[in-house]
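Peer 1: My questions are about this predicted structure, shown below with the sequence.
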2 protein chains.
Amino acid sequence: MFSLSEENYLKAIFHLEKNYRNGVSTNALAEEMETKASSVTDMVKKLSEKKLVNYKKYQGAKLSDSGRRTAVEIIRRHRLWEYFLVEKLNFSWDEVHEVAEELEHIKSEKLITELDKFLDYPRRDPHGDPIPDAQGNFVQTSKVLLSACKKSDSGKIVGVKDSSAAFLQYLDKLDIGLGSILEVRHIEDFDQSIELEVDSNTITLSHKTASNLYIQLE
Amino acid sequence: MFSLSEENYLKAIFHLEKNYRNGVSTNALAEEMETKASSVTDMVKKLSEKKLVNYKKYQGAKLSDSGRRTAVEIIRRHRLWEYFLVEKLNFSWDEVHEVAEELEHIKSEKLITELDKFLDYPRRDPHGDPIPDAQGNFVQTSKVLLSACKKSDSGKIVGVKDSSAAFLQYLDKLDIGLGSILEVRHIEDFDQSIELEVDSNTITLSHKTASNLYIQLE
DNA sequence: ATAAAAATTTAGACTTGCCTAAATTTTTAT
DNA sequence: ATAAAAATTTAGGCAAGTCTAAATTTTTAT
């Protein structure tokens, strides 16, 4: 149906559209795909011919309905595989991404339908991101960056922005992760570092760390 | 490490070596890979440069030790995935091949190690073929074609030669499959059709069918 | 032994997805 | 408003893996 490269572009455009509502720029896509702008132009033209994106020269790319459906299906596969790897194969949450990047491209509807059933229809992947159902529906719970919280806000960690192994391992070291309940105790004016109460301990996070943690406020 | 195409060639050469002990011919490989002889020559040269096969012009290809190790690893992955699909995801044995052809190329040692453990170290795939262990060792039990059996031979179905969906579905219809215990009651001189007792029933198979069933004699 | 047939290799070309360098368009700064 | 900067596109090329057609080598048949 679609080539590996096409699928990866669709996924990247989907993710970038959150920050580029009026069209994903060529440069942004080049950075996301770790490739050159000229390569992006080539591919976007190709996706445009296939009616997966709407593209006008110099105006960036937007997913068409069918492009978005395809992107969501790829994301569904990615997140189901991540859940499988953690729940069934003893992977830790910082190890799953690369393998899921490969698994998500396996072409078999039955495979995903049955995997979903086997896993008992999980709603969120190991990083707290929602898993689209077979119809492509998924909740987008209102989450905010911890760095945007104010003193005495409290809530639960529901996701990470940076899902690099380095960051996830750092969180493990801090002994916080998905589901941790916290309350903001103080925000330092000087450097925006943020003091939290988590599980009756007090910890201090840098602004950089806080800007990679998603919180669901309560 | 190796490209998808390289891996598929190695696997094909491994399978063909059983019938081409003095080197797998270019044409045989072309047929197996469903490609042209000239493409095979190109790829065999490439594999030869990488020391995965020994190749001399016009003399066919043989796997080197490292080529064979790689081929066995790919076959291990293929058969583990087939077992997974049947045991965990409700695939029937005629549906697994194509999907496993894709899954076998996923590059992650941990994935296969953990999958093997999760499946509790299965010894045979759904078609009765042995699954190599992590060291690449696997039993090659002495099996014979049912068509080579004589009257009053008895044994167990341990594999199929033709693993097409059509053949496997035909076996399901006959109500025989891997593990069926049988005894040869009669072989018709005229057309070599073969009368069997299976599970206290009597069935008659054509010579063609019998020449696609592997039996382990007892 | 040798000519015809079959198998194999070589040569040159195509597609996909990428690249660099140059040209063009858009945006920004004054 | 316009020149400089930034972003984007175009042009031309490369590697992998495939193809067709032609050339070469091996095998087969007499």
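Peer 2: Thanks, I have it. Numbers count the residues shown, from 1 in each chain, chains lettered A, B, ... in the order given.
Peer 1: can you pull the contacts of the residue nearest to the spatial centre of chain A?
Peer 2: In chain A, the C-alpha nearest the mean C-alpha coordinate belongs to A:Asp129, at 6.3 Å (C-alpha atoms, centre = their mean). Going by C-beta atoms under 8 Å, 6 or more residues apart in numbering or on different chains, A:Asp129 touches A:79, A:159. Placement of C-beta: from N, CA and C, glycine included.
Peer 1: ok, it to DNA strand C distance?
Peer 2: 24 Å (C-beta to the nearest atom of the strand, to the nearest Å).
Peer 1: Could you measure from that residue over to A:Val160?
Peer 2: Going from A:Asp129 to A:Val160 by C-beta to C-beta, to the nearest Å gives 9 Å.
Peer 1: repeat for A:Gly136
Peer 2: A:Gly136 sits 24 Å away from A:Val160 when distances are taken as C-beta to C-beta.
Peer 1: Just want to know which of the two has more residues nearby.
Peer 2: Between A:Gly136 and A:Val160, counted using other C-beta atoms under 10 Å in any protein chain shown, A:Val160 has the larger neighbour count: 20 against 14.
Peer 1: Correct me if wrong: that one contacts A:Ile215.
Peer 2: No. If you go by C-beta atoms under 8 Å, A:Val160 and A:Ile215 don't touch, sitting 10.9 Å apart.
Peer 1: Specify the local secondary structure of the most far-flung residue of chain A relative to its centre.
Peer 2: In chain A, counting by C-alpha atoms, centre = their mean, A:Phe190 sits farthest out from the average C-alpha position, at 30.7 Å. Applying DSSP: H, G, I helix; E, B strand; the rest coil to A:Phe190 yields a three-state assignment of coil.
Peer 1: Need the pLDDT of it.
Peer 2: With respect to pLDDT, A:Phe190 scores 94.
Peer 1: How about A:Asp94?
Peer 2: Reading off the model, A:Asp94 has pLDDT 81.
Peer 1: do the same with the one 5 residues further on
Peer 2: Turning to A:Val99, the model gives it a pLDDT of 97.
Peer 1: burial measure for it, as a count.
Peer 2: Around A:Val99 there are 20 residues (other C-beta under 10 Å).
Peer 1: Show me what the helix or strand containing it is packed against.
Peer 2: Assigned by DSSP states H and E, A:Val99 falls within helix A:96-103. The contact analysis (3 or more C-beta pairs under 8 Å, 6 or more residues apart in numbering or on different chains; DSSP states H and E) places helix A:96-103 against helix A:65-88.
Peer 1: what mean pLDDT would you report for the helix it packs on?
Peer 2: What helix A:65-88 shows for mean pLDDT is 98.
Peer 1: ok and that helix relative to helix B:65-88, angle-wise?
Peer 2: Going by axes from the mean of the first three to the mean of the last three C-alpha atoms, to 10 degrees, helix A:65-88 is angled at 90 degrees with respect to helix B:65-88.
Peer 1: Could you check helix A:65-88 against chain B for contacts?
Peer 2: Yes. Using C-beta under 8 Å from any C-beta of the partner chain, helix A:65-88 comes into contact with chain B via A:85, A:88.
Peer 1: buried residues in that helix?
Peer 2: A:67-68, A:70-86 (16 or more other C-beta atoms under 10 Å in any protein chain shown).
Peer 1: And stretch A:18-28, by the same measure?
Peer 2: A:20, A:23-26, A:28.
Peer 1: And for the closest residue in space to A:Lys36 that isn't next to it in sequence, the neighbour number?
Peer 2: Distance criterion C-beta to C-beta, 6 or more residues apart in numbering or on different chains; nearest residue to A:Lys36, sequence neighbours excluded, is A:Ala30 at 5.9 Å. For A:Ala30, the neighbour count with other C-beta under 10 Å is 17.
Peer 1: Any residues of chain A in contact with chain B? List them.
Peer 2: Residues of chain A lying close to chain B by C-beta under 8 Å from any C-beta are A:85, A:88-91, A:95, A:98-99, A:102-103, A:106-108, A:110-111, A:114-115, A:118.
Peer 1: please redo it, this time with the cut-off set to 10 Å
Peer 2: A:4, A:81, A:84-85, A:88-91, A:95-96, A:98-103, A:105-108, A:110-118 (C-beta under 10 Å from any C-beta of the partner chain).
Peer 1: Can you select the buried ones among those for me in PyMOL?
Peer 2: Buried residues within these, by 16+ other C-beta under 10 Å, are selected in PyMOL with:
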select buried, chain A and resi 81+84+85+89+91+95+96+99+100+101+102+103+105+106+108+111+112+114+115+116
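Peer 1: Give the full set of residues in contact with A:Lys110.
Peer 2: Residues counted as contacts of A:Lys110 (C-beta atoms under 10 Å, 6 or more residues apart in numbering or on different chains) are B:85, B:89-91, B:95, B:99.
Peer 1: if we take those, which one ends up nearest to B:Glu34?
Peer 2: Taking C-beta to C-beta as the measure, B:Glu34 lies nearest B:Val99 of these, at 18.2 Å.
Peer 1: My read is that the closest one contacts A:Leu103, right?
Peer 2: No. Contact criterion C-beta atoms under 10 Å: B:Val99 and A:Leu103 do not qualify, at 11.5 Å.
Peer 1: one step back: out of the buried residues of stretch A:18-28, name the ones that lie in strands.
Peer 2: In strands, judged by DSSP state E, none of the buried residues of stretch A:18-28 are found.
Peer 1: And the residues you listed, which two are furthest apart?
Peer 2: Maximum pairwise distance in the buried residues of stretch A:18-28, criterion C-beta to C-beta, is 10.8 Å, between A:Tyr20 and A:Thr26.
Peer 1: tell me, what's touching the two both at once?
Peer 2: In terms of C-beta under 10 Å, 6+ apart, A:Tyr20 and A:Thr26 are both contacted by the residues A:60-61.
Peer 1: returning to what we had before: could you tell me which of the buried residues of stretch A:18-28 belong to helices?
Peer 2: Among those, the members found in helices (DSSP state H) are A:26, A:28.
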